[in-house]
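Peer 1: Show me how the following folds:
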Amino acid sequence: MPIRPHFAPCFVKIFAADKQPALPTTTVDPEPDHCPTLRSPSEAGWRLPRCATTIIFVLLGTLLVSRSAFAEAQRIVSVAGAITEIVYALGSESRLAGVDTTSFYPPEARRLPQVGYQRALSAEGILSLTPDLVLATDGAGPPAVLEQIRTAGVAIRIVPNEWSADGIVQKVRSVAEALDQSADGERLAVTIRAELDNTLRLTNLVQNRPRVLFLMSAGRGAPLASGYGTAADAMIQWAGGRNALSEFEGYKPLSAEALTAAAPDVLLLPDHALEALGGETGLSRIPGLTLTPAWRQQRIIRMDGLLLLGFGPRTATAVTTLARRLHPDLVTVEASVGR
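Peer 2: Here you go, the predicted model:
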(Lines give C-alpha, C1' and ligand atoms only; values in the text may rest on other atoms or scores of the structure.)
Protein backbone atom coordinates (compact mmCIF):
# COMPACT_ATOMS: atom_id res chain seq x y z
CA MET A 1 0.00 0.00 0.00
CA PRO A 2 1.62 3.29 -1.08
CA ILE A 3 2.21 6.01 1.46
CA ARG A 4 -0.10 8.92 0.83
CA PRO A 5 1.97 11.99 -0.12
CA HIS A 6 0.47 14.22 2.51
CA PHE A 7 1.93 12.07 5.30
CA ALA A 8 5.43 13.36 4.57
CA PRO A 9 5.04 16.89 6.00
CA CYS A 10 3.76 15.34 9.21
CA PHE A 11 7.07 13.54 9.76
CA VAL A 12 9.03 16.65 8.85
CA LYS A 13 7.26 18.55 11.60
CA ILE A 14 8.17 15.95 14.19
CA PHE A 15 11.78 17.14 14.37
CA ALA A 16 11.28 20.80 13.44
CA ALA A 17 11.89 23.45 16.10
CA ASP A 18 8.68 25.43 16.28
CA LYS A 19 7.43 27.81 18.91
CA GLN A 20 3.79 27.00 18.27
CA PRO A 21 2.11 25.02 21.05
CA ALA A 22 1.50 21.34 20.40
CA LEU A 23 -1.99 20.57 19.18
CA PRO A 24 -4.20 18.07 21.03
CA THR A 25 -3.56 14.46 20.08
CA THR A 26 -6.78 12.85 21.27
CA THR A 27 -7.92 12.29 17.67
CA VAL A 28 -5.99 11.15 14.62
CA ASP A 29 -6.18 13.26 11.48
CA PRO A 30 -3.65 12.43 8.77
CA GLU A 31 -3.85 15.79 7.05
CA PRO A 32 -0.52 17.65 7.50
CA ASP A 33 -2.14 20.87 8.72
CA HIS A 34 -3.53 18.97 11.68
CA CYS A 35 -0.43 16.97 12.49
CA PRO A 36 0.98 17.77 15.97
CA THR A 37 4.30 19.66 16.03
CA LEU A 38 7.04 19.17 18.60
CA ARG A 39 8.47 22.42 19.92
CA SER A 40 12.06 21.22 20.40
CA PRO A 41 13.93 18.00 21.15
CA SER A 42 14.59 19.01 24.77
CA GLU A 43 11.01 20.00 25.49
CA ALA A 44 9.53 17.00 23.74
CA GLY A 45 11.97 14.39 24.99
CA TRP A 46 12.07 12.98 21.45
CA ARG A 47 8.63 11.50 21.89
CA LEU A 48 6.60 10.95 18.72
CA PRO A 49 3.16 12.54 18.74
CA ARG A 50 0.27 10.13 18.76
CA CYS A 51 -0.60 10.98 15.14
CA ALA A 52 2.83 9.95 13.87
CA THR A 53 2.96 6.86 16.09
CA THR A 54 -0.41 5.70 14.83
CA ILE A 55 0.60 6.26 11.22
CA ILE A 56 3.83 4.29 11.69
CA PHE A 57 2.00 1.31 13.20
CA VAL A 58 -0.64 1.40 10.47
CA LEU A 59 2.01 1.46 7.75
CA LEU A 60 4.04 -1.32 9.33
CA GLY A 61 0.93 -3.41 9.75
CA THR A 62 -0.04 -2.85 6.14
CA LEU A 63 3.39 -3.93 4.91
CA LEU A 64 3.27 -7.07 7.02
CA VAL A 65 -0.22 -7.97 5.87
CA SER A 66 0.55 -7.36 2.19
CA ARG A 67 3.67 -9.53 2.42
CA SER A 68 1.91 -12.35 4.28
CA ALA A 69 -1.01 -12.33 1.83
CA PHE A 70 1.24 -14.12 -0.67
CA ALA A 71 3.35 -16.05 1.83
CA GLU A 72 0.33 -17.72 3.44
CA ALA A 73 -1.28 -18.71 0.13
CA GLN A 74 -1.96 -22.44 0.15
CA ARG A 75 -4.37 -22.72 -2.78
CA ILE A 76 -2.78 -21.27 -5.90
CA VAL A 77 -4.06 -21.06 -9.45
CA SER A 78 -1.29 -20.79 -12.06
CA VAL A 79 -2.27 -19.07 -15.28
CA ALA A 80 0.74 -19.74 -17.54
CA GLY A 81 2.63 -22.88 -18.41
CA ALA A 82 6.02 -21.43 -17.48
CA ILE A 83 4.72 -20.29 -14.08
CA THR A 84 3.42 -23.80 -13.42
CA GLU A 85 6.84 -25.22 -14.31
CA ILE A 86 8.51 -22.84 -11.88
CA VAL A 87 6.11 -23.80 -9.08
CA TYR A 88 7.01 -27.45 -9.66
CA ALA A 89 10.72 -26.65 -9.84
CA LEU A 90 10.42 -24.95 -6.45
CA GLY A 91 8.74 -28.05 -5.00
CA SER A 92 5.44 -26.29 -4.22
CA GLU A 93 3.17 -28.22 -6.56
CA SER A 94 1.05 -29.39 -3.59
CA ARG A 95 -0.21 -25.81 -3.30
CA LEU A 96 -1.61 -25.77 -6.85
CA ALA A 97 -5.41 -25.77 -6.88
CA GLY A 98 -5.66 -25.35 -10.65
CA VAL A 99 -3.82 -24.40 -13.84
CA ASP A 100 -4.57 -22.98 -17.26
CA THR A 101 -4.65 -24.96 -20.50
CA THR A 102 -1.05 -24.06 -21.41
CA SER A 103 0.27 -25.94 -18.37
CA PHE A 104 1.41 -29.12 -20.13
CA TYR A 105 4.59 -29.73 -18.16
CA PRO A 106 5.42 -31.60 -16.08
CA PRO A 107 2.88 -34.27 -17.12
CA GLU A 108 1.37 -34.34 -13.61
CA ALA A 109 0.16 -30.78 -14.12
CA ARG A 110 -2.34 -32.03 -16.70
CA ARG A 111 -4.22 -33.86 -13.96
CA LEU A 112 -4.97 -30.64 -12.09
CA PRO A 113 -8.29 -28.79 -12.55
CA GLN A 114 -8.10 -26.44 -15.53
CA VAL A 115 -9.40 -22.88 -15.61
CA GLY A 116 -9.30 -22.33 -19.37
CA TYR A 117 -6.99 -20.45 -21.70
CA GLN A 118 -5.00 -17.68 -20.04
CA ARG A 119 -6.40 -14.95 -22.31
CA ALA A 120 -10.01 -16.11 -21.98
CA LEU A 121 -10.41 -16.82 -18.27
CA SER A 122 -13.67 -17.19 -16.38
CA ALA A 123 -14.01 -15.69 -12.92
CA GLU A 124 -16.51 -18.38 -11.95
CA GLY A 125 -14.16 -21.17 -12.99
CA ILE A 126 -11.27 -19.78 -10.97
CA LEU A 127 -13.30 -18.82 -7.90
CA SER A 128 -14.91 -22.27 -7.81
CA LEU A 129 -11.48 -23.63 -6.84
CA THR A 130 -11.43 -21.30 -3.78
CA PRO A 131 -7.88 -20.04 -4.37
CA ASP A 132 -6.18 -17.46 -2.19
CA LEU A 133 -3.63 -16.52 -4.87
CA VAL A 134 -3.58 -16.36 -8.66
CA LEU A 135 -0.23 -16.24 -10.45
CA ALA A 136 -0.44 -14.86 -13.99
CA THR A 137 1.49 -12.93 -16.62
CA ASP A 138 0.42 -9.59 -18.03
CA GLY A 139 -1.16 -11.42 -20.96
CA ALA A 140 -3.84 -12.98 -18.76
CA GLY A 141 -7.37 -11.73 -18.97
CA PRO A 142 -9.83 -10.37 -19.83
CA PRO A 143 -9.11 -7.48 -17.43
CA ALA A 144 -12.72 -7.44 -16.23
CA VAL A 145 -12.38 -11.05 -15.10
CA LEU A 146 -9.21 -10.29 -13.14
CA GLU A 147 -11.00 -7.40 -11.46
CA GLN A 148 -13.87 -9.72 -10.49
CA ILE A 149 -11.37 -12.09 -8.91
CA ARG A 150 -9.72 -9.26 -6.97
CA THR A 151 -13.10 -7.98 -5.82
CA ALA A 152 -13.83 -11.45 -4.47
CA GLY A 153 -10.80 -11.05 -2.19
CA VAL A 154 -8.33 -13.25 -4.08
CA ALA A 155 -4.79 -11.89 -4.45
CA ILE A 156 -3.36 -11.74 -7.98
CA ARG A 157 0.36 -11.61 -8.64
CA ILE A 158 1.32 -10.44 -12.15
CA VAL A 159 4.61 -12.11 -13.05
CA PRO A 160 6.96 -10.37 -15.54
CA ASN A 161 7.20 -12.12 -18.88
CA GLU A 162 10.05 -10.80 -21.02
CA TRP A 163 11.80 -12.71 -23.80
CA SER A 164 15.33 -12.36 -22.42
CA ALA A 165 17.74 -14.09 -20.06
CA ASP A 166 17.16 -11.40 -17.45
CA GLY A 167 13.43 -11.76 -17.99
CA ILE A 168 13.55 -15.46 -17.15
CA VAL A 169 15.46 -14.72 -13.95
CA GLN A 170 12.93 -12.06 -12.95
CA LYS A 171 10.08 -14.45 -13.67
CA VAL A 172 11.55 -17.09 -11.37
CA ARG A 173 12.25 -14.55 -8.63
CA SER A 174 8.74 -13.14 -8.83
CA VAL A 175 7.07 -16.54 -8.51
CA ALA A 176 9.42 -17.55 -5.69
CA GLU A 177 8.73 -14.33 -3.79
CA ALA A 178 4.99 -14.88 -4.11
CA LEU A 179 5.46 -18.36 -2.63
CA ASP A 180 7.71 -17.03 0.15
CA GLN A 181 10.60 -19.06 -1.30
CA SER A 182 12.97 -16.29 -2.32
CA ALA A 183 16.11 -18.22 -1.35
CA ASP A 184 15.00 -21.28 -3.33
CA GLY A 185 14.06 -19.04 -6.21
CA GLU A 186 17.47 -17.41 -6.27
CA ARG A 187 19.19 -20.79 -6.44
CA LEU A 188 16.89 -21.88 -9.25
CA ALA A 189 17.43 -18.62 -11.14
CA VAL A 190 21.21 -18.93 -10.88
CA THR A 191 21.08 -22.51 -12.21
CA ILE A 192 18.82 -21.59 -15.12
CA ARG A 193 20.96 -18.59 -16.05
CA ALA A 194 24.18 -20.64 -15.94
CA GLU A 195 22.69 -23.34 -18.18
CA LEU A 196 21.42 -20.75 -20.64
CA ASP A 197 24.72 -18.86 -20.71
CA ASN A 198 26.61 -22.07 -21.45
CA THR A 199 24.21 -22.91 -24.26
CA LEU A 200 24.41 -19.46 -25.82
CA ARG A 201 28.19 -19.59 -25.66
CA LEU A 202 27.99 -22.48 -28.13
CA THR A 203 25.27 -21.15 -30.42
CA ASN A 204 27.04 -17.81 -30.71
CA LEU A 205 29.83 -19.65 -32.53
CA VAL A 206 27.49 -20.50 -35.40
CA GLN A 207 28.44 -18.68 -38.59
CA ASN A 208 25.80 -19.61 -41.16
CA ARG A 209 22.41 -18.64 -39.80
CA PRO A 210 19.43 -19.95 -41.79
CA ARG A 211 16.34 -17.80 -42.35
CA VAL A 212 13.60 -19.22 -40.13
CA LEU A 213 9.88 -18.58 -40.54
CA PHE A 214 7.79 -19.21 -37.43
CA LEU A 215 4.10 -19.94 -37.99
CA MET A 216 1.31 -20.35 -35.49
CA SER A 217 -2.35 -21.18 -35.96
CA ALA A 218 -5.04 -18.54 -35.50
CA GLY A 219 -8.18 -20.58 -35.10
CA ARG A 220 -9.89 -21.05 -38.43
CA GLY A 221 -8.17 -18.05 -39.98
CA ALA A 222 -4.94 -17.83 -41.89
CA PRO A 223 -1.81 -18.79 -39.92
CA LEU A 224 0.14 -15.98 -38.32
CA ALA A 225 3.84 -15.39 -38.91
CA SER A 226 6.22 -13.98 -36.31
CA GLY A 227 7.98 -10.69 -36.81
CA TYR A 228 10.40 -9.20 -34.27
CA GLY A 229 9.75 -8.70 -30.57
CA THR A 230 8.19 -12.11 -29.92
CA ALA A 231 9.20 -15.18 -27.96
CA ALA A 232 9.70 -17.03 -31.25
CA ASP A 233 11.97 -14.28 -32.58
CA ALA A 234 14.17 -14.43 -29.47
CA MET A 235 14.36 -18.22 -29.58
CA ILE A 236 15.28 -18.28 -33.27
CA GLN A 237 18.16 -15.89 -32.68
CA TRP A 238 19.38 -17.73 -29.59
CA ALA A 239 19.40 -21.02 -31.50
CA GLY A 240 21.60 -19.63 -34.27
CA GLY A 241 18.98 -18.63 -36.82
CA ARG A 242 17.68 -15.43 -38.40
CA ASN A 243 14.05 -14.43 -38.36
CA ALA A 244 12.90 -14.46 -41.98
CA LEU A 245 10.50 -11.61 -41.16
CA SER A 246 12.05 -8.68 -39.34
CA GLU A 247 10.09 -5.88 -41.00
CA PHE A 248 7.21 -5.85 -38.52
CA GLU A 249 6.60 -6.43 -34.82
CA GLY A 250 4.45 -9.19 -33.38
CA TYR A 251 2.35 -11.57 -35.43
CA LYS A 252 0.36 -11.06 -38.60
CA PRO A 253 -0.99 -13.07 -41.54
CA LEU A 254 1.08 -13.10 -44.72
CA SER A 255 0.08 -12.86 -48.34
CA ALA A 256 1.41 -15.40 -50.82
CA GLU A 257 3.70 -12.73 -52.22
CA ALA A 258 5.12 -11.81 -48.80
CA LEU A 259 5.66 -15.45 -47.92
CA THR A 260 7.51 -16.13 -51.15
CA ALA A 261 9.60 -12.98 -50.75
CA ALA A 262 10.59 -13.99 -47.21
CA ALA A 263 12.26 -17.07 -48.74
CA PRO A 264 12.68 -18.99 -45.46
CA ASP A 265 15.22 -21.80 -45.31
CA VAL A 266 13.38 -23.41 -42.39
CA LEU A 267 9.76 -23.54 -41.22
CA LEU A 268 9.26 -23.65 -37.45
CA LEU A 269 5.93 -24.50 -35.84
CA PRO A 270 4.67 -25.58 -32.42
CA ASP A 271 3.17 -29.09 -32.41
CA HIS A 272 -0.36 -27.88 -31.78
CA ALA A 273 -0.14 -25.31 -34.60
CA LEU A 274 0.95 -27.90 -37.14
CA GLU A 275 -1.88 -30.19 -36.07
CA ALA A 276 -4.41 -27.34 -36.25
CA LEU A 277 -3.26 -26.54 -39.78
CA GLY A 278 -3.76 -30.15 -40.87
CA GLY A 279 -0.18 -31.38 -40.76
CA GLU A 280 2.13 -31.06 -43.74
CA THR A 281 -0.80 -31.57 -46.07
CA GLY A 282 -2.43 -28.51 -44.57
CA LEU A 283 0.81 -26.56 -44.85
CA SER A 284 0.96 -27.26 -48.56
CA ARG A 285 -2.35 -25.44 -48.97
CA ILE A 286 -0.98 -22.16 -47.60
CA PRO A 287 -0.60 -19.88 -50.63
CA GLY A 288 3.03 -19.33 -51.54
CA LEU A 289 4.49 -21.76 -49.01
CA THR A 290 5.37 -24.50 -51.48
CA LEU A 291 7.51 -21.99 -53.41
CA THR A 292 9.88 -21.41 -50.49
CA PRO A 293 13.33 -23.03 -50.08
CA ALA A 294 12.15 -24.49 -46.77
CA TRP A 295 9.36 -26.45 -48.44
CA ARG A 296 11.47 -27.58 -51.38
CA GLN A 297 14.12 -28.93 -48.99
CA GLN A 298 11.47 -30.16 -46.54
CA ARG A 299 13.14 -28.38 -43.63
CA ILE A 300 10.15 -28.30 -41.31
CA ILE A 301 10.76 -28.26 -37.57
CA ARG A 302 7.99 -28.93 -35.10
CA MET A 303 8.53 -28.52 -31.36
CA ASP A 304 6.55 -28.62 -28.16
CA GLY A 305 5.01 -25.16 -27.89
CA LEU A 306 5.55 -24.70 -24.15
CA LEU A 307 9.17 -25.82 -24.38
CA LEU A 308 9.81 -23.53 -27.34
CA LEU A 309 7.97 -20.40 -26.19
CA GLY A 310 7.57 -20.75 -22.42
CA PHE A 311 10.84 -19.08 -21.37
CA GLY A 312 10.83 -21.00 -18.12
CA PRO A 313 13.16 -23.48 -16.37
CA ARG A 314 13.70 -25.53 -19.56
CA THR A 315 14.78 -22.65 -21.79
CA ALA A 316 18.36 -23.91 -22.20
CA THR A 317 16.97 -27.28 -23.31
CA ALA A 318 14.71 -25.53 -25.80
CA VAL A 319 17.60 -23.53 -27.29
CA THR A 320 19.78 -26.63 -27.56
CA THR A 321 17.00 -28.68 -29.16
CA LEU A 322 16.23 -26.04 -31.78
CA ALA A 323 19.90 -25.27 -32.42
CA ARG A 324 20.67 -28.90 -33.20
CA ARG A 325 17.74 -29.04 -35.61
CA LEU A 326 18.93 -25.88 -37.34
CA HIS A 327 22.59 -26.92 -37.27
CA PRO A 328 23.11 -30.70 -37.41
CA ASP A 329 26.86 -30.10 -37.09
CA LEU A 330 26.43 -28.36 -33.73
CA VAL A 331 27.48 -31.54 -31.89
CA THR A 332 30.87 -31.33 -33.59
CA VAL A 333 31.20 -27.67 -32.64
CA GLU A 334 30.28 -28.48 -29.05
CA ALA A 335 32.87 -31.24 -28.87
CA SER A 336 35.63 -28.98 -30.19
CA VAL A 337 34.74 -26.25 -27.70
CA GLY A 338 34.88 -28.72 -24.83
CA ARG A 339 38.45 -29.78 -25.53
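
Peer 1: how about the helix or strand where residue 320 lies: buried residues?
Peer 2: Using DSSP states H and E, residue 320 maps to helix 315-326. For helix 315-326, a neighbour-count test (16 or more other CB atoms under 10 Å) marks 315, 316, 318, 319, 320, 321, 322, 323, 324, 325, 326 as buried. In short, each C-beta sits where N, CA and C put it, glycine included.

Peer 1: Stretch 155-170 too?
Peer 2: 155, 156, 157, 159, 161, 162, 163, 165, 168, 169, 170.

Peer 1: residue ranges with poor pLDDT in the protein?
Peer 2: Along the chain, the parts satisfying pLDDT under 70 run over 1-72, 331-339.

Peer 1: Strands of the stretch 151-300 of the chain, start to end?
Peer 2: 155-159, 211-216, 224-226, 242-243, 251-253, 266-270, 300-303 (DSSP state E, counting those that start in this stretch).

Peer 1: Name every strand pairing with the third one and say which way it goes.
Peer 2: Read that as strand 224-226. strand 211-216 (antiparallel), strand 251-253 (antiparallel) (DSSP bridges).

Peer 1: what about the closest residue to residue 296 other than its chain neighbours, how many residues close to it?
Peer 2: Take residue 296 and drop its neighbours on the chain: the residue closest to it by CB to CB, 6 or more residues apart in numbering is residue 290, 7.9 Å away. Residues lying near residue 290 (other CB atoms under 10 Å) number 14.

Peer 1: isn't residue 290 right next to residue 284, touching?
Peer 2: Yes. Counting by CB atoms under 8 Å, residue 290 does reach residue 284; the two are 5.7 Å apart.

Peer 1: mind listing what the closest residue to residue 322 other than its chain neighbours touches?
Peer 2: Leaving aside its sequence neighbours, residue 322 sits nearest to residue 239 (CB to CB, 6+ apart; 3.9 Å). Contacts for residue 239 were tallied using CB atoms under 8 Å, 6 or more residues apart in numbering; they are 203, 319, 322, 323, 326.

Peer 1: tell me the two of these that are most distant?
Peer 2: The distance between the two most remote of the contacts of residue 239 (CB to CB) is 10.4 Å, for 319 and 326.

Peer 1: Give me the most central residue, this structure.
Peer 2: Of all residues in the chain, the one closest to the mean position by CA atoms, centre = their mean is residue 161, 2.7 Å from it.

Peer 1: Residue 243 versus that one, what's the distance?
Peer 2: 20 Å (CB to CB, to the nearest Å).

Peer 1: Then residue 184?
Peer 2: Distance from residue 184 to residue 243, by CB to CB: 35 Å.

Peer 1: cool, residue 74 as well?
Peer 2: Counting by CB to CB, the gap from residue 74 to residue 243 is 43 Å.

Peer 1: any idea where the helices of the stretch 101-250 of the chain begin and end?
Peer 2: Shown for the stretch 101-250 of the chain, the helices assigned by DSSP state H, counting those that start in this stretch span residues 123-127, 143-151, 165-178, 182-203, 231-238.

Peer 1: Against which helices or strands is the last one packed?
Peer 2: This points to helix 231-238. helix 182-203, strand 211-216, strand 242-243, helix 305-309, helix 315-326 (3 or more CB pairs under 8 Å, 6 or more residues apart in numbering; DSSP states H and E).

Peer 1: can we see that at 10 Å?
Peer 2: Counting contacts by 3 or more CB pairs under 10 Å, 6 or more residues apart in numbering; DSSP states H and E, helix 231-238 packs against helix 165-178, helix 182-203, strand 211-216, strand 224-226, strand 242-243, strand 266-270, helix 305-309, helix 315-326.

Peer 1: buried stuff in that helix?
Peer 2: So, applying 16+ other CB under 10 Å, buried residues of helix 231-238: 231, 232, 233, 234, 235, 236, 237, 238.

Peer 1: how about the closest residue to residue 292 other than its chain neighbours, what does it touch?
Peer 2: Nearest non-adjacent residue to residue 292, counting by CB to CB, 6+ apart: residue 264, 5.4 Å away. Contact analysis of residue 264 by CB atoms under 10 Å, 6 or more residues apart in numbering lists 210-215, 225, 241-245, 289, 292-295, 299.
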